[in-house]
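How does the following fold in three dimensions:
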Amino acid sequence: MSTVIHPCGDSAVTVTLGEGISEALNERVTALADAARTIDGVRETVPAYCAVTIHYDCEIIGYAELCAALNALCGTTGDARGVGALVEIPVCYGGAYGEDLPFVAQHCGMTEQQVIEAHSAPDYLVYMLGFMPGFPYLGGMDERIVAPRLQAPRTAIPAGSVGIAGKQTGIYPVASPGGWQLIGRTPLKLFDPSRDEPFLLTAGARVKFVPVSAEEFEKLGGAPC
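So this is what the prediction gives:
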């Protein structure tokens, strides 16, 4: 699929670089998002799986000029962004912090410890943020621990909860309803509007889950269950 640029209202465009979900394609997306921020008049870039939406000030740069600049960047960015920064996420698995871990283990024909080891082994790619502020869509989960969503979503899930839904794993950055299988919790704040950089994770970063005990969880600032 060739690159497609189309308008999104009067002050944004979406650039689609391909179809499907792959690390190689997503690296091109995040590279373009980074490069587009250097264009005078660009206000914000929002990368997704295979496309990036670019918000711009139309009093500084016009639609045609922006499209020309983006087409030029598409021909030069390639896969140049490379591997993103690795962020370690401490997780207290199971028990009151991950009440669905027993179900996931039973569903997958594994022990709880095997699920923990399988979940914490990979370096995950942050494909994009979405759903709610700071929620990371992660790629690279071991297919042995694929598990279905809850039949009935919970009305309240604590911030920092780590869950599995289908082939994806993610972290709830704020307290919210949700239907993912909860296997653990991190004491880290993925979203904090009081910080200079509100989001702990960004598209293109890598995530490594690090198992910790309940005692370590509390020492890192987590609220005890």
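
buried stuff in the helix or strand hosting residue 88?
Taking DSSP states H and E as the criterion, residue 88 maps to strand 86-93. Neighbour-count burial for strand 86-93 flags 87, 89-93 (criterion: 16 or more other C-beta atoms under 10 Å). (C-beta placed from N, C-alpha, C; glycine too.)

Dump those residues to TSV, plus pLDDT and distance to residue 26.
Output for these, formatted as TSV (pLDDT from 0 to 100; distance: C-beta to C-beta, whole Å):
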residue	pLDDT	distance to residue 26
87	98	17
89	98	20
90	99	26
91	99	24
92	99	29
93	99	27
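
Reformat the residues you listed as a markdown table; add distance to residue 154.
Shown next, in a markdown table, are the buried residues of strand 86-93 (distance: C-beta to C-beta, whole Å):
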| residue | distance to residue 154 |
| --- | --- |
| 87 | 26 |
| 89 | 21 |
| 90 | 23 |
| 91 | 19 |
| 92 | 18 |
| 93 | 18 |
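
Looking at those, spot the one nearest residue 126.
Nearest to residue 126 out of these is residue 87 (C-beta to C-beta; 8.4 Å).

So that closest one sits against residue 199, correct?
No - with contact defined as C-beta atoms under 8 Å, residue 87 does not count as touching residue 199 (10.9 Å).

helices and strands of this protein: which one bottoms out on pLDDT?
Within the chain, confidence by mean pLDDT, DSSP states H and E is lowest for helix 63-77 among all helices and strands, at a mean of 90.

just the helices in the chain please.
Under the criterion DSSP state H, the chain contains helices at 23-36, 63-77, 101-108, 112-120, 214-219.

Run through the residues that contact the most centrally placed residue in the chain.
Nearest to the mean C-alpha position of the chain, by C-alpha atoms, centre = their mean, lies residue 136 at 2.0 Å. Neighbouring residues of residue 136 by C-beta atoms under 8 Å, 6 or more residues apart in numbering: 126, 128-129, 170-171, 190, 201, 207.

could you dump these to CSV with distance to residue 112, neighbour count and pLDDT?
What follows is these, written out as CSV (distance: C-beta to C-beta, whole Å; neighbours: other C-beta atoms under 10 Å; pLDDT from 0 to 100):
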residue, distance to residue 112, neighbour count, pLDDT
126, 26, 23, 97
128, 30, 25, 96
129, 29, 22, 96
170, 20, 23, 96
171, 19, 25, 98
190, 24, 24, 97
201, 26, 24, 97
207, 21, 24, 98
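
Redo these as CSV? Include distance to residue 17.
Below are the contacts of residue 136 laid out as CSV (distance: C-beta to C-beta, whole Å):
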residue, distance to residue 17
126, 17
128, 13
129, 18
170, 23
171, 26
190, 27
201, 22
207, 23
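
For the residue lying farthest from the centre of the chain, give me phi and psi.
Most distant from the centre of the chain: residue 59, at 32.4 Å, with distances by C-alpha atoms, centre = their mean. Here is the backbone geometry of residue 59 (degrees, to the nearest 10): phi -80, psi -10.

show me where this structure has strands.
Per DSSP state E, the chain carries strands over the ranges 4-7, 12-16, 42-47, 51-56, 86-93, 124-129, 136-139, 154-157, 161-165, 168-171, 176-178, 181-185, 206-211.
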